[in-house]
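Q: Whatever this is, show me its structure:
(2 chains)
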Number of protein chains: 2
Amino acid sequence: MEYRFSQRVLGLKPSAIREILKNSSAPGMIPLSAGNPAPDAFPYREILDLTTELLSQTPVDALQYGATEGYGPLREHLAAYLREQHGVGGDGDDVLITSGAQQVMDLLTKSLLDEGDTVLCESPSFVGSLNTFRSYRARLRGVPMEADGIDVRALEAALREEKRAKYLYTIPNFQNPAGVCMSLEKRRQVYALCRDAGVMILEDNPYGDLRFAGEDLPSIKSFDTDGVVVYAGSFSKVVAPGMRVGYAVGPREVLQKMVVCKQGEDVHSNLWAQIVCHRMMTRYDFAAHLERLRGIYRRKSRVLLDAMTAHLAPYAAWNAPEGGLFVWCTLREDLPMLEFVQRAMDRKVCVVPGTAFLTDENEPCNAFRMNFSTPTDEQLVQGVELLGQVAREMAG
Amino acid sequence: MEYRFSQRVLGLKPSAIREILKNSSAPGMIPLSAGNPAPDAFPYREILDLTTELLSQTPVDALQYGATEGYGPLREHLAAYLREQHGVGGDGDDVLITSGAQQVMDLLTKSLLDEGDTVLCESPSFVGSLNTFRSYRARLRGVPMEADGIDVRALEAALREEKRAKYLYTIPNFQNPAGVCMSLEKRRQVYALCRDAGVMILEDNPYGDLRFAGEDLPSIKSFDTDGVVVYAGSFSKVVAPGMRVGYAVGPREVLQKMVVCKQGEDVHSNLWAQIVCHRMMTRYDFAAHLERLRGIYRRKSRVLLDAMTAHLAPYAAWNAPEGGLFVWCTLREDLPMLEFVQRAMDRKVCVVPGTAFLTDENEPCNAFRMNFSTPTDEQLVQGVELLGQVAREMAG
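A: Numbers count the residues shown, from 1 in each chain, chains lettered A, B, ... in the order given. Predicted coordinates:
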């Protein structure tokens, strides 16, 4: 049979990162390409204890159909917690539990975008989200990144020029892949510019709790008095990604449309995972748990950065991240990035080419992304040593 | 802020069933409207034991990121099991694990349909799926149902007339809501007609294992030598719906597109649930478990049907289902269905108006759907007694 696919999938490619990840799990490969939480970051005992109690005492809560909007106690707790801790969510807002934060990107896009409408995004940005936008045939307009976040002048121009812009996609904290934080000043500017242009903001904050240096900055959502911002959060980096629990906080009117779309996608999210996340936050000292995670990533980032200083300093430049899971590393101009990544792969070290994160993969970019959460300390050191060898060889 | 929603969601309404379900959980309401498995059908002990072992021995398997395609051992086991037990899946086919079977409907639609393309469907049909198709702005062409399944002549006409038809959506076993099975003869005819027209078939089989009377019939997929059929299965009715595990078996080329779409929707499905479903099938006597479920539903359907015979016989007609969870009940012409359903709701008995399952809710339909799996035996009897009172009053 000859298949007639939709226009939207004919233009889609599998995520470059996930394709590389497939290689990265080959035997002997050092996976500096992944974005997995460190295995010692998972709260094993707590999850086991909570699960045993749940499945032995009130199993129907986890096993029967649930509400599309999410598990009630988790939605209520998140609403209060995010408001108190982060100033996220006001009277006009609601909380929707999703199957990972990726589903927030999907549901908002489905609710807002007609084919050909524009999504403004940071460039580079998280390729998983860009591919979601592409799957709805969005036009992607990249806005360059600077060391303190998005280039605000370029954003102004984009808002002026893109008549069909529906929202700006931004990761203000420890941006994936660039690793930078948007300054407070820029957060205020971005909010005001988008509000005035009638363009929504999708604020993706998967790493916000993983700051291991510097001071927390208020989210863009915390300024939102006009119903402009949909905030996406996730338990993937602070509890466990295999559970697939994320959430959106945003204007009730917008979330209602997202709920209708979610009914048609997966009815509701896995209930065991929602209940465990709720109890993880309420039965244990969640702040202490987050502090433990920050300790792990502070240490692992140090291992990677020390190795980079020792082996890559002559060949590349980078900024030390204050949180998150990634370091963005820009090679010297005379060392072509794609050749470098390929040679590294031949040595069994896997990093992600920076071009994978661009709205147009053919634009120039001499950077690659490294992750410090997935590899062991030994792999971090050994991987960077091998990258140093590759650079030295190429520099001839 | 004034929101500019996509055309696709502006036309969507929340699922009528789920809206009614909200009422059905009001205190004192008798929920003949739901489609939940009976709470005593869940394999509690097995799920608890498997989970305790998993989370105490190899927790990373459940907690880390997984493959979009699904948990490998579950995919492999399903491929072999479905082939041996049901003749489902051939050399050109693959298996994709989804977040409930609802996601199969979503991903196939996303992969095949451009706006305005046609989905052929049985009328009445499962409203959850129809709403998924609507969310991609499909044109729905309903094909009437007969006592032995879809009207094949009407299907022939539809295939001839609908130039942009991409697939036929059918539930051959214990169709929701009509409760009928497609005859073997019609299964062969439907397969041949669609194949010859170059139109795919989405065969949804959530209730196939719940036959409590009569003889099993081969699936349409079992005839598929030409890569025409995507088969959707689910653990929701045979293990637990709150786990959200479904699967698709279909042509590799089509499933690859669905995988790319799934990456953008939820990355992968909850791993705990996938592993538990796999071990439920392989560590226990799964056939005996299914036989136990059939016993529960055989008995509960009997309770409902006996009550109907006692209280509704003068006012309505129905066929005794041979499996599944529903009875489709058509009122006498002089008893208007919507008034009946509303009056029943006033008496705190909740059934689903048949019009909710039509491609056009304004078409005439004097039937409603009743479920026998969710209510207790007492609720079944009491609910039908109250429906009988309503009918008697309306008949004057």
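Q: In chain A, where is pLDDT below threshold?
A: Counting by pLDDT under 70, chain A has low-confidence residues at A:13-24.
Q: which strands and helices sit next to the helix or strand hosting A:Leu96?
A: Assigned by DSSP states H and E, A:Leu96 belongs to strand A:93-98. Here strand A:93-98 touches helix A:72-86, helix A:102-112, strand A:246-251, helix A:252-266, going by 3 or more CB pairs under 8 Å, 6 or more residues apart in numbering or on different chains; DSSP states H and E. Any C-beta I mention is one placed from the backbone N, CA and C, and that applies to glycine too.
Q: Grab the CA positions of that strand and hand them over as CSV.
A: C-alpha atoms of strand A:93-98 as CSV (Å, rounded to 0.1, in the frame of the first residue of the first chain):
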residue,chain,number,x,y,z
ASP,A,93,-4.8,31.2,36.4
ASP,A,94,-5.3,27.5,36.7
VAL,A,95,-3.0,24.4,36.9
LEU,A,96,-3.1,21.5,34.4
ILE,A,97,-1.1,18.3,34.9
THR,A,98,0.5,17.0,31.8
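Q: what's the angle from it to helix A:102-112?
A: Using axes from the mean of the first three to the mean of the last three CA atoms, to 10 degrees, the inter-axis angle of strand A:93-98 relative to helix A:102-112 is 120 degrees.
Q: what angle separates strand A:93-98 from helix A:72-86?
A: Compare the direction of strand A:93-98 with that of helix A:72-86 by the same axes, to 10 degrees and you get 120 degrees.
Q: how far is strand A:93-98 from where the chain is centred?
A: The chain centroid and the centroid of strand A:93-98 are separated by 18 Å under CA atoms, centre = their mean, to the nearest Å.
Q: again, but for stretch A:77-84
A: 21 Å.
Q: List the buried residues for that stretch?
A: A:His77, A:Leu78, A:Ala79, A:Leu82 (16 or more other CB atoms under 10 Å in any protein chain shown).
Q: Check stretch A:342-360 too.
A: Across stretch A:342-360, burial judged by 16+ other CB under 10 Å covers A:343-345, A:347-359.
Q: ok, back up a step: need the buried residues of stretch A:77-84 in JSON lines (columns: distance to chain B).
A: As requested, these are exported to JSON lines (distance: CB to the nearest CB, whole Å):
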{"residue": "A:His77", "distance to chain B": "19"}
{"residue": "A:Leu78", "distance to chain B": "19"}
{"residue": "A:Ala79", "distance to chain B": "20"}
{"residue": "A:Leu82", "distance to chain B": "20"}
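Q: Including distance to A:Val230, could these go into JSON lines?
A: What follows is those, written out as JSON lines (distance: CB to CB, whole Å):
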{"residue": "A:His77", "distance to A:Val230": "19"}
{"residue": "A:Leu78", "distance to A:Val230": "14"}
{"residue": "A:Ala79", "distance to A:Val230": "15"}
{"residue": "A:Leu82", "distance to A:Val230": "13"}
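Q: Report the two of those residues separated the most.
A: Of all pairs drawn from the buried residues of stretch A:77-84, the greatest distance, 9.3 Å, lies between A:His77 and A:Leu82 (CB to CB).
Q: Now do the contacts for the closest residue in space to A:Asp266 that isn't next to it in sequence.
A: Nearest non-adjacent residue to A:Asp266, counting by CB to CB, 6 or more residues apart in numbering or on different chains: B:Ser99, 4.1 Å away. Taking CB atoms under 8 Å, 6 or more residues apart in numbering or on different chains, we find B:Ser99 in contact with A:Ser99, A:Arg244, A:Glu265, A:Asp266, A:Ser269, A:Asn270, B:Arg244, B:Val245, B:Gly246, B:Asp266, B:Ser269, B:Asn270.
Q: now with 6 Å?
A: For B:Ser99, the contact set (CB atoms under 6 Å, 6 or more residues apart in numbering or on different chains) comprises A:Ser99, A:Asp266, B:Arg244, B:Asp266, B:Ser269.
Q: Quickly name whichever of these is closest to B:Tyr71.
A: For the contacts of B:Ser99, the nearest to B:Tyr71 is B:Ser269 (8.3 Å; CB to CB).
Q: which SS class is the closest one?
A: coil (DSSP: H, G, I helix; E, B strand; the rest coil).
Q: ok, it - how many residues close by?
A: 31 (other CB atoms under 10 Å in any protein chain shown).
Q: measure it to B:Thr58 for me?
A: Using CB to CB, to the nearest Å, we find B:Ser269 at a distance of 18 Å from B:Thr58.
Q: A:Gln263 too?
A: 34 Å.
Q: which one of those two has more residues nearby?
A: A:Gln263 (22 against 11).
Q: looking at it, the more buried one is touching A:Glu69, isn't it?
A: No: assessed by CB atoms under 6 Å, A:Gln263 is found out of contact with A:Glu69, at 9.9 Å.
Q: need the contact list for A:Leu32.
A: Taking CB under 6 Å, 6+ apart, one finds A:Val351, A:Met370, A:Asn371, A:Gly383 in contact with A:Leu32.
Q: A:Phe286 - how many residues pack around it?
A: A:Phe286: 17 neighbours (other CB under 10 Å).
Q: Can you tell me the closest non-neighbouring residue to it?
A: A:Met280 (6.8 Å).
Q: next one: A:Trp318
A: Using CB to CB, 6+ apart, the closest residue to A:Trp318 is A:Cys329 (4.5 Å).
Q: Which helix or which strand is home to the one you found?
A: strand A:326-331.
Q: circling back to that earlier point, next, the angle from the strand holding A:Leu96 to strand A:246-251.
A: 160 degrees.
Q: Could you spell out which stretches of chain A belong to which domain?
A: By the assignment in automatic domain parsing, chain A contains the domains A:7-43+A:288-395, A:45-283.
Q: Okay, buried residues for the helix ranked longest in chain A please.
A: Longest helix in chain A, counting residues (DSSP state H): helix A:286-311. For helix A:286-311, burial by neighbour count (16+ other CB under 10 Å) applies to A:286, A:289, A:293-294, A:296-297, A:300-301, A:303-305, A:307-308, A:311.
Q: who in the stretch 51-200 of chain A is up against chain B?
A: A:51, A:55-56, A:59-60, A:62-66, A:99-100, A:102-103, A:106, A:111-114, A:131-132, A:135 (CB under 6 Å from any CB of the partner chain).
Q: repeat that with 8 Å
A: Within the stretch 51-200 of chain A, the positions adjacent to chain B are A:51-52, A:55-56, A:59-66, A:68, A:98-100, A:102-103, A:105-106, A:110-115, A:117, A:128, A:131-132, A:134-135, A:166, A:195, A:198, A:200 by CB under 8 Å from any CB of the partner chain.
Q: Keep only those of these that are in helices.
A: Those of those lying in helices (DSSP H): A:51-52, A:55-56, A:59-63, A:102-103, A:105-106, A:110-112, A:128, A:131-132, A:134-135, A:195.
Q: picking that back up, what's the most buried one of the domains of chain A?
A: Neighbour counts (mean count of other CB atoms under 10 Å in any protein chain shown) averaged over each of the domains of chain A peak at domain A:45-283, with a mean of 21.
Q: How about the residues of the stretch 251-396 of chain A by chain B?
A: A:251, A:253-254, A:257, A:259-261, A:263-273.
Q: at 6 Å instead, please
A: Residues of the stretch 251-396 of chain A lying near chain B (CB under 6 Å from any CB): A:Glu253, A:Val254, A:Lys257, A:Val260, A:Gln263, A:Gly264, A:Glu265, A:Asp266, A:Val267, A:Asn270, A:Leu271, A:Ala273.
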